[in-house]
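> Predicted coordinates and the sequence they were generated for:
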Amino acid sequence: MADSDEEAPASGRSRFDAVHKWSATIAAVAALAFSLYNFTELQRKPEIDLTLPHFMRIGVKGNDVRFFVQPTVSARVRPQATD
């Protein structure tokens, strides 16, 4: 019986090592796939949407009347560098 008690932890340990290696490999492959997906998404140009405003401004300066239309520009992602 002493021999069978010693073999049980050894086989359990080897099973744990095998599962650990496979789970670590699967996690690494999933992380690589996620990284590649993020890299390809960041390389694309952002989609820019240009819409007219809901209101327009009219201003008077001296004898002139000025008409202002300021469109709204929005992007899906935040720009990294702004000027």
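Looks like it came in fine.

> Just the element for the residue with the shortest distance to the centre of the chain, please.
Centroid check for the chain by Cα atoms, centre = their mean gives Asn38 as the closest residue, at 5.9 Å. Taking DSSP states H and E as the definition, one finds Asn38 inside helix 2-43.

> and the helix or strand just after that helix, what's its mean pLDDT?
Sequence order places strand 48-51 as the next helix or strand after helix 2-43, per DSSP H and E. What strand 48-51 shows for mean pLDDT is 71.

> Numbering from 49 from now on, please.
With the count now opening at 49, the last piece we talked about shows up as strand 96-99.

> How about the contacts made by Asp65?
Not one residue lies near Asp65 by Cβ atoms under 8 Å, 6 or more residues apart in numbering. Backbone N, C-alpha and C define where each C-beta goes, glycine included.

> Quick check: the gap between it and Ser71.
Asp65 sits 11 Å away from Ser71, going by Cβ to Cβ, to the nearest Å.

> got any ranges where this protein has weak pLDDT?
The chain contains residues with pLDDT under 70 at 49-60, 98, 102, 122-131.
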